[in-house]
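[1] Structure for this input, please:
(4 chains, ligands or ions: 2)
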Amino acid sequence: MTELLSFEKSRPNARAPRLPDADVTAPEPSQLLPADLLRTQPPDLPRLSEPEIMRHYSRLASMNYSISEQFYPLGSCTMKYNPVVNEAAAALPGFAGLHPYQDEDTVQGALELMWRLERALCAVVGVERVTLQPAAGAHGEWTALRMIKAYHHSRGDARTEVLVPDSAHGTNPASAALSGFQVVEVKSGRDGRISIADLESKLSPRVAALMLTNPNTLGLFEREILDIAEMVHATGAMLYYDGANLNAFMGICRPGDMGFDAVHMNLHKTFTTPHGGGGPGAGPVGVKAELVPFLPTPTVERTNGHLALDFKRPRSIGRVRSFYGNFGMLVRAYAYIVAMGGDGLTQASRDAVLSANYLRKQVESDLEMPHEGPCMHEFVASAHHLAADGIRALDIAKALLDRDFYAPTVYFPLVVTEAIMVEPTETESKATLDAFAAAIKEIVGLAKTNPQALHDAPQNMPVGRLDEVAAARRINAYLQGQSEDPILRWKRAEN
Amino acid sequence: MTELLSFEKSRPNARAPRLPDADVTAPEPSQLLPADLLRTQPPDLPRLSEPEIMRHYSRLASMNYSISEQFYPLGSCTMKYNPVVNEAAAALPGFAGLHPYQDEDTVQGALELMWRLERALCAVVGVERVTLQPAAGAHGEWTALRMIKAYHHSRGDARTEVLVPDSAHGTNPASAALSGFQVVEVKSGRDGRISIADLESKLSPRVAALMLTNPNTLGLFEREILDIAEMVHATGAMLYYDGANLNAFMGICRPGDMGFDAVHMNLHKTFTTPHGGGGPGAGPVGVKAELVPFLPTPTVERTNGHLALDFKRPRSIGRVRSFYGNFGMLVRAYAYIVAMGGDGLTQASRDAVLSANYLRKQVESDLEMPHEGPCMHEFVASAHHLAADGIRALDIAKALLDRDFYAPTVYFPLVVTEAIMVEPTETESKATLDAFAAAIKEIVGLAKTNPQALHDAPQNMPVGRLDEVAAARRINAYLQGQSEDPILRWKRAEN
Amino acid sequence: MPYLVHSEEDRASMLEAIGVQSMDDLLLDIPRSLRIKELELPAGLSEYETMSQIASLAARNRVFPDRLTFRGGGVYRRFIPAAVAAVTSKPEFYTAYTPYQPEASQGTLQAIYEFQTLIAELTALDVANASLYDGATAVAEAAMMAHVHTGRDEVVVAGYLHPEYLEVLRAFSDGRGMKVRKGTEPGPKTAAVIFQQPDFLGLLVDAKTLTESAHAAGALAIACVDPISLAVLAPPGQYGADIAVGEGQQLGLSPSYGGPHVGFISCRRELVRRLPGRLVGSAYDHQGRRGFTLALAAREQHIRREKATSNICTNHSLCALAASVYMTYMGPEGLRQVAEVSFKRAHLLSERLAALPGWEPAFPERQFWNEFPMRVPKGPAVLRKLAKKGILGPLDVHRWFRELKGVLTFTCTEVNDPRALDELVAAIES
Amino acid sequence: MPYLVHSEEDRASMLEAIGVQSMDDLLLDIPRSLRIKELELPAGLSEYETMSQIASLAARNRVFPDRLTFRGGGVYRRFIPAAVAAVTSKPEFYTAYTPYQPEASQGTLQAIYEFQTLIAELTALDVANASLYDGATAVAEAAMMAHVHTGRDEVVVAGYLHPEYLEVLRAFSDGRGMKVRKGTEPGPKTAAVIFQQPDFLGLLVDAKTLTESAHAAGALAIACVDPISLAVLAPPGQYGADIAVGEGQQLGLSPSYGGPHVGFISCRRELVRRLPGRLVGSAYDHQGRRGFTLALAAREQHIRREKATSNICTNHSLCALAASVYMTYMGPEGLRQVAEVSFKRAHLLSERLAALPGWEPAFPERQFWNEFPMRVPKGPAVLRKLAKKGILGPLDVHRWFRELKGVLTFTCTEVNDPRALDELVAAIES
Ligand SMILES: Cc1ncc(COP(=O)(O)O)c(C=O)c1O
Ligand SMILES: Cc1ncc(COP(=O)(O)O)c(C=O)c1O
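    Ligands and ions are numbered 1, 2, ... in the order given. You can find the predicted model right below:
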């Protein structure tokens, strides 16, 4: 089943929706405005009736896998259950209906929620304060690096480099570059952890910060984290925590205690705000005392039970987005924390680690495990051993789709060949993990007996593997002016 | 893909949900109540976590066809688009949160809505008043027959028979029987309409009412309706309108003008309240003046803008259900009427008739048409001509499922062999009707070239054709005490 | 026309394909004299205006907060998990029809099969159906079953059955020529003894004795039960009742001014063929895959017509789905906790109210569950006072029972937190 | 623990399967000194209590009715069709991840492809991306594109750009070592001229002249636009702008105290490789079926790392979906009607306000769209008075612009019906 584009279903004279009339006597835009301010060609939006529109999107929805229906073992993404009550909380008119420029007196509940969420996040990661402004993880990284830059700058220290491990997520180096730093890569050692020797060689007074995630993207806890912190701090650099992997140890340990100076969190991972097919998320950043003066404005302050937005922060890096963050996502994350409590969050991380190790055990006879366990909340396997049969990680991913599972993250982190990165999360049952392991076994078995079946996967999806090379060529042709079909959008055929 | 039962996924020690504690000092039930009032064995309900529950129902949902995703040409069922705003209207706290025993002063808006809905329905079907109490069509039929009985009774006229055409829906005779009437069948003539001769022969002073739907279940308008009404009334009987087919002529003509004395409407058909996989619906009944005294209590009355429930109706048949009807469905139907307006409802019926005739035309070369057109909002075709190839209406239905269409109603009405009853409704696009007609053509072609492919359908559904004969045998065995598996429910295996 | 699809061009091309000139050619069968010019209704509105109009009607109603609602009488405020609406609002469920094509309706069918099992488990009886309209019609349908099964023409109603259920029972019985008698003594003409447990006032009846006396007279015992209470109270199957019925509103449905809610019915194996309405059973396809399908349809109107066990067709499937989600969310422990919390709070409240000057339990010798009748001086004035404080006070049952002058029934559930009880008592004392 | 799945038995059997004694054996890599005893957070609550607590926070906010909201400044109340929430609340959309596996993500991918097309059409530019966080970061990302494309280090901001967008632009520019200058005269170092149309005050700027002067200086023209206005106002593509950006909140998103909303960006063909974030393109499988997939990924951080066009990864996909549903519901005529109704009502209101004693348009010589600045005596007192009457009055822009003392901006949309305008004027006069 495929579905035509809304544009392709559009008919020229389909009825426009009924909408309120102006009901006032006032001039038309064309009477008041000069011609060159007016649109000459109406936009070519689709014309469809409401029943057609709803059918269209319902059918599109049914073409998606999602955690509501499928196990989604996407490593590094923490695809856990999104509590339905959180959606109800965010939709309360008392939140959804608030204008961001209402007077503080009329939004005390919203500010209180933000204040409490900040306190809760501080408790979880062990920092002094948190800004809720950043819209996603990458935005949080960049926000933190700007604070770190401002901090060094305030001390007359013009540091130019940021160290990033080779196993890091792409947003880390990209955020560093966007903040005007040079990126210097630090190598991983044999055991999958950062190489202390290499780190040592890269540390210098030019280094503004080391960006780490812990457990790292291989799902391994950086055992030497306290030494690393000491080394980094000794050179006057700061330690930055990429919180994508925070689900591994809530209530077990805290980045702040490990020596991290700034920490971003992905509320759309650890704190269950739904991923929405690619956002919106929220990427709050927590900081230790030295960085507090540099937090973005405004902060939320509470004095004698009265809440206020503080815009007067002279050393602040300023604003990193409009208004106060993705407030609707903050409500959801807060609802999650309230329902789970300290005990629940702790058990969540314990269960996440348990499930990852259990699943790792179940598949270790079928997939290569490049690093020793135990792992934390996720593990990275490899399909390298199937290369001889012509089977790649991608083939395994596609075969899983046919078996009603979403695929693990593949080819990331870059330090493992044919990487298959699996994060089961705490909200999948043992029965589901067992079924997934059985599917892996069956697929790996097919690699020997019928590799073509894997190359042909997926068969049960709305489409088979798409020819991305041909698509790229066509896009290229368009971008170079050799074709008029943009590929990146629908365009009415000229006639 | 199939899905285990919730009971089968349950694990003995899965956690119970967190719920408020009593937080008061009070005795336990077991301290106050005698032992024989207390349950000895806890009910064997499933124990599942919230993520498992939501996954379970999401997967079940994905195993359904529904009008949100598929064309649902189910004859006699008027499966039209269910406007999403109606759901929002019914969910307004000002409606959903009302207790039925609140004082009238606190529910003026609800009563006003009911009053306005009653007036609107009166306008559509041409009657004096409407009761909103009945929960569904069948319930409405029975309510109306009770009024008709009470009417005759009030005149000292103890009539015992109700006439029902052979093409009538099963609820008609069942409702008549449940009201204590004997059912007498009236035959259809060659042209698919009621046989006037047969009707004449069955009419007598014993007859309390004739139940008709118009257009009848063949989708044909009873051309002689005015004569029929005269004949019926001449014998002192009443004429009852089964409103399942009201979608054919809103704003075009009215049952009241045709001579019908009582009329039920299916708000879950004509007025877009969603069918819910089998209800809830709403089956209001409209009546002419003579029947008004017999309406169920309470009625909604409006005096100087103040609304009240009237319980003091001495000749009323009493109450036919608790409270005031399926209020939530009334809100939805009212929202539909307000949005459509008189002009919109009229166009809806015209489009319904247009679409039915168009689709009939598109498939008439592939299916037998036992009666001449034009039809009204639906038509009945037959697969009789494929019998030689061993293909039945059921095979066509199943083959349609494989092609992403729900099936038409089959084997109803009983007066057509291998009946295929198609009701496209006004909310399906021409493109959809064309695609359906193409599927019919392809399937009928297969009847000649590859009938086995049709016998094997459906192939793309979660399950294939189910062996209902074997199931019936097993149920029988249980009911006769020869087996302990009830088949009609899950039961924990004894061990 | 907000929900119409065809453009004028579509219409013209469809007419052309049909081979007629105009719509009127398709409507020729309708006698000219019947054609009307137009509907006497206002023109349609935009969605924004429609919703504004309806919202302004909603705003003319007064909604009392859950925690300050102490009125029951058949409809109760309870905690409804967000999971319920998240499931019932899925269009795949709510826009499907009755599952006539099983292969394309496994979601609905399996959900009903689970509902049947949940109700059978809760009532400790063998088989339950797919749902009925409400508690009132469920009582009436059960009486019809007994009537047909025993061939007898009378039902005996013991104790305080919900007065509206009684009214509906009378209406159904009237149609079938059955008599409804109040009392506790079944006779040789008695088809069934019907009782409610807890009864309309919240009082517990001696279900076991009533059942035994029904059986002794050759009649069936029909128990109308509160589903939540069954987590703790003896279920009908335990004391030998033949049919259990009830109202399922408490299982995750909002009050909605009285509907839609859901009736349920279950019975002993021997009576299954008499059950009204839909039944779903399991079956297998030729690959051996289990599925679910409508079963025993030969009882129903679409097959048996005038000989059907009932006329019901459309039932309350989506409400049954809500109830299933609710019961599955709760599980046995959750349901028990909800039941116990309600019981305890009601008992505390009853004690506190009994301590008010002039207030006393209306039936001091009787046990109750989470609803209880108090004899209250100046009841109407109390109710007015409470309403002014935003409290939906108890139900004045005198309206239905002449003998219960001055009797108000109070209800407590898990949503009436202890502070809400304090507020109620304070408001009464004020 | 409301959202956990494993029972104690499950945990024990999983530990056994792993071959360890206890959870601690799995946490051995964590230095002992780092282990904490417990989180300093309250214990978890039941769903009922959680929701009660959060609802009581919501109740401490004051929500002004849509029709009596005249405050804009970047966030507007508009009619949102019910279709929008009906689509975005589908779990298949909202619980999916970024569509890395295209075969299992065609719903999201096609929806994004349609969004890209809708934005490209609306702005009359060649290609749009899958979304950005908000209007502010969209402006900043556009500036980065210009910076890289031209190799120049300065952007010129003309006129009243939203002050928060300006702030964010400065923050981004600072990181990349770019200067932000206010003015209208681009120079040889200017990478781009940025202007907002209509501007923060609602005034219309001479987009064509600004664009031409940018081009004359070898700079790009970046237009920050109001998407609704583009149904009637000249789109960036028409006057030759190179990049269009904007905030999509008005396209079906609730105010939600400022987020989540959605930023959009589109550009001319020549700049497509510089676009930040995700792009979806069409592609075919070996059976020739068309599908959609992420395209031009080599621009992005997960491939290009520090050389990526932006660091954005998670964007605002679900908000883009909402905007798509909104635009599709409206179609070209609907969008035009919404735009015109807003324009007309704003112009009527402006006239009526200008007639009030002492009130005058702040920029009488300038045209505006549906938001306009008035010079008002005693602004703060007026605002207080309006709030008392339940009206969310105009925005006092003096907070951001020293020169605009006493200037308040009023907004009208299709939700401010004529009676609401009357009520506003009456409340001011009272
Ligand atoms: C390890 C890691 N860091 C950073 C990010 C970026 O987070 P976001 O997508 O919220 O910008 C991700 C997201 O996948 C990640 O996995
Ligand atoms: C012609 C006809 N009459 C009556 C009914 C019964 O209506 P309900 O299912 O609402 O009881 C139906 C329902 O399918 C019908 O099609």
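[2] Let's verify A:Ser483: helix, strand, or coil?
    Of the three states, A:Ser483 takes coil according to DSSP: H, G, I helix; E, B strand; the rest coil.
[3] contacting residues around it?
    When contacts are counted by C-beta atoms under 8 Å, 6 or more residues apart in numbering or on different chains, A:Ser483 touches A:Arg474, A:Ala477. Every residue, glycine included, has its C-beta placed from N, CA and C.
[4] go on, the one 10 residues further on?
    For A:Ala493, no residue meets the contact criterion (C-beta under 8 Å, 6+ apart).
[5] Checking it next. Helix, strand or coil?
    Three-state assignment for A:Ala493 (three-state DSSP): coil.
[6] Could you give the number of residues near the residue in the stretch 201-350 of chain C that chain B sits nearest to?
    In the stretch 201-350 of chain C, the residue that lies nearest chain B is C:Gly258 (2.7 Å; C-beta to the nearest C-beta). The local packing of C:Gly258 (other C-beta atoms under 10 Å in any protein chain shown) involves 25 other residues.
[7] separation between it and B:Met114?
    C:Gly258 is 11 Å from B:Met114, where distance means C-beta to C-beta, to the nearest Å.
[8] joint contacts of these two?
    What both C:Gly258 and B:Met114 touch, as defined by C-beta under 8 Å, 6+ apart, is the set B:Tyr324, B:Gly325, B:Phe327.
[9] Settle this for me: the second one is touching B:Gly281, isn't it.
    The reference is to B:Gly325. No: counting by C-beta atoms under 8 Å, B:Gly325 stays clear of B:Gly281, with 10.7 Å between them.
[10] between those two, which one's more packed in?
    It is B:Gly281, of B:Gly325 and B:Gly281, that has more neighbours when counted by other C-beta under 10 Å, with 32 against 27.
[11] List phi and psi for the more buried one.
    Torsion angles at B:Gly281 (phi, psi; degrees, to the nearest 10) stand at phi -120, psi -150.
[12] For it, give me its contacts.
    Contacts of B:Gly281 by C-beta under 8 Å, 6+ apart are B:Ala135, B:Ala136, B:Gly137, B:Asn266, B:Leu267, B:His268, B:Lys269, B:Thr273, B:His275, B:Asn326, B:Met329, C:Thr314.
[13] Go through those residues and flag which are in strands.
    Using DSSP state E, no member of these falls within strands.
[14] which one of these is nearest B:Asn460?
    Of all those, B:Asn460 sits closest to B:His275, with 23.5 Å by C-beta to C-beta.
[15] need the contact list for the spatially closest residue to A:Glu185 that is not a sequence neighbour.
    Using C-beta to C-beta, 6 or more residues apart in numbering or on different chains and skipping the chain neighbours, the partner closest in space to A:Glu185 is A:Asp166 (5.3 Å). A:Asp166 makes contacts with A:Glu185, A:Val186, A:Lys187, A:Ser188, A:Pro413, A:Leu414, A:Val415, as judged by C-beta under 8 Å, 6+ apart.
[16] residues in the stretch 1-150 of chain A within reach of ligand 1, list them.
    With C-beta under 6 Å from any ligand atom as the criterion, the stretch 1-150 of chain A comes near ligand 1 at residues A:Ser76, A:Cys77, A:Ala136, A:Gly137, A:Ala138.
[17] Mind checking which of these are in helices?
    Using DSSP state H to define helices, the subset of these located there is A:Gly137, A:Ala138.
[18] Which member of the residues of the stretch 1-150 of chain A next to ligand 1 is positioned nearest ligand 1?
    Among these, A:Gly137 lies closest to ligand 1 (C-beta to the nearest ligand atom), at 2.3 Å.
[19] Look up how far A:His268 lies from that closest one.
    Counting by C-beta to C-beta, the separation of A:Gly137 from A:His268 is 8 Å.
[20] same deal with A:Pro462?
    Using C-beta to C-beta, A:Pro462 is found at 26 Å from A:His268.
[21] neighbour-wise, which of those two wins?
    Between A:Pro462 and A:His268, counting by other C-beta under 10 Å, A:His268 is the more crowded of the two (29 against 23).
[22] need the longest helix for chain C.
    Longest helix in chain C, counting by DSSP H: helix C:317-354.
[23] Burial check on C:Glu114, number of neighbours?
    Per other C-beta under 10 Å, the neighbour tally for C:Glu114 reads 27.
[24] A:Asp257 now?
    Number of residues near A:Asp257 (other C-beta under 10 Å) recorded here: 17.
[25] Tell me how far the helix or strand hosting it lies from the chain's centre.
    Per DSSP states H and E, A:Asp257 falls inside helix A:255-258. With C-alpha atoms, centre = their mean, to the nearest Å as the basis, helix A:255-258 stands 22 Å off its chain's centre.
[26] That one near chain D anywhere?
    Yes: using C-beta under 8 Å from any C-beta of the partner chain, helix A:255-258 reaches chain D at A:Asp257, A:Met258.
[27] Which elements pack onto that helix?
    Here helix A:255-258 touches helix A:225-234, strand A:238-243, going by 3 or more C-beta pairs under 8 Å, 6 or more residues apart in numbering or on different chains; DSSP states H and E.
[28] Out of the ones you listed, which gets nearest to chain C?
    In terms of C-beta to the nearest C-beta, the element of the helices and strands packed on helix A:255-258 nearest to chain C is strand A:238-243, at 27.3 Å.
[29] for the record, mean pLDDT for that closest one?
    Averaging pLDDT along strand A:238-243 yields 98.
[30] partners of it in the sheet?
    As defined by DSSP bridges, the strand partners of strand A:238-243 come to strand A:207-212 (parallel), strand A:262-265 (parallel).
[31] Show me the contact partners of it.
    A:125, A:137, A:140-141, A:144-145, A:148, A:151, A:168-169, A:171-172, A:208-214, A:228-229, A:232-233, A:255, A:258-266, A:270, A:291.
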